[in-house]
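In: Fold the stuff below for me.
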Amino acid sequence: MSKELKLTVNEIPPSVNHYMGYRGVKKGNGCMVMAYTKPESKQFQKSFKKYAKEQVNLQKWDIENTRNIHHYMDCIFYFDRTDKDSQNYFKVMCDVLNGIAYIDDKTILTRTHQQFYDSANPRIEIVIRPVDYRGIFESEDHLKNFEQRCRECKRFGRNCSILKKAKEGRIQEEINDEFKCSKYNPINK
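Out: Okay, the predicted model is just below:
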């Protein structure tokens, strides 16, 4: 099972500025604006989705590993022109990969690592990998150490909400800067 997924987008996708279209539609006595996906966006989505599914299988990427763990989506852009903004291209790629490379794009942290210009071969190289931190903890080991102390607390046996929220990345006043829980109540042995 692969710890990272590598993809190459062999064409520059539609930017967020050209991804969606909008039109006015009559509704009763008024008018409302409706969004729609533009045809060039649909074409990109279709071809990139097919490629991504093939790569997920080929690289033995397990989408289940993305459940409740943030992942970086690191990108190197090779634009055909110097007037393009890398931040405008994440939306369509993230939408396509949702449900294929990760369970929910709310756990994806997009990053531009480098930006080059190659008019002969424009592309985007993507690497998706898990972050080092877990919830509010710096690493998996940091979480395990904190959780080990929790096991000695009376709250742990009652599904401690403080630990649960900390694993979700929620900042709480009960856990101080030294990662000590103010509600810690040791089990009497």
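
In: Please make it C-alpha for all contacts and neighbour counts, starting now.
Out: Noted.

In: Show me where this protein has its helices.
Out: 16-19, 39-58, 90-97, 140-150, 161-167 (DSSP state H).

In: I'd like to know which of the ones you listed is closest to Thr8.
Out: helix 39-58 (9.1 Å; C-alpha to C-alpha).

In: That closest one vs helix 90-97, what angle?
Out: 50 degrees (axes from the mean of the first three to the mean of the last three C-alpha atoms, to 10 degrees).

In: for helix 39-58, packing partners?
Out: strand 5-9, helix 16-19, helix 90-97 (3 or more C-alpha pairs under 8 Å, 6 or more residues apart in numbering; DSSP states H and E).

In: What ranges in this protein fall below the confidence cut-off?
Out: 1-2, 189 (pLDDT under 70).

In: Any chance you could spot the residue sitting in the middle of it?
Out: Nearest to the mean C-alpha position of the chain, by C-alpha atoms, centre = their mean, lies Ile108 at 0.9 Å.

In: hang on, that residue packs against Asn68?
Out: No. Using C-alpha atoms under 8 Å, Ile108 is not in contact with Asn68; the gap is 10.5 Å.

In: Next, count neighbours for the closest residue to Gln55 other than its chain neighbours.
Out: Spatially, and ignoring its direct neighbours in sequence, Gln55 is nearest to Leu7 (7.3 Å; C-alpha to C-alpha, 6 or more residues apart in numbering). Using other C-alpha atoms under 10 Å, Leu7 has 17 neighbouring residues.

In: Quick check: Tyr19 vs Met93, distance?
Out: 11 Å (C-alpha to C-alpha, to the nearest Å).

In: Asp105 too?
Out: Counting by C-alpha to C-alpha - Asp105 and Met93 are separated by 10 Å.

In: now do Glu11
Out: Glu11 is 11 Å from Met93, by C-alpha to C-alpha.

In: Neighbour count: the two, which is higher?
Out: Met93 (19 against 15).

In: list the contacts for the more buried one?
Out: Pro13 (C-alpha atoms under 8 Å, 6 or more residues apart in numbering).

In: Now do it against Gln172, distance only.
Out: Met93 is 34 Å from Gln172, by C-alpha to C-alpha.

In: The residue nearest to the residue nearest to the centre of the chain when sequence neighbours are not counted: neighbouring residues, count only.
Out: Spatially, and ignoring its direct neighbours in sequence, Ile108 is nearest to His71 (5.1 Å; C-alpha to C-alpha, 6+ apart). When neighbours are defined as other C-alpha under 10 Å, His71 has 24 of them.
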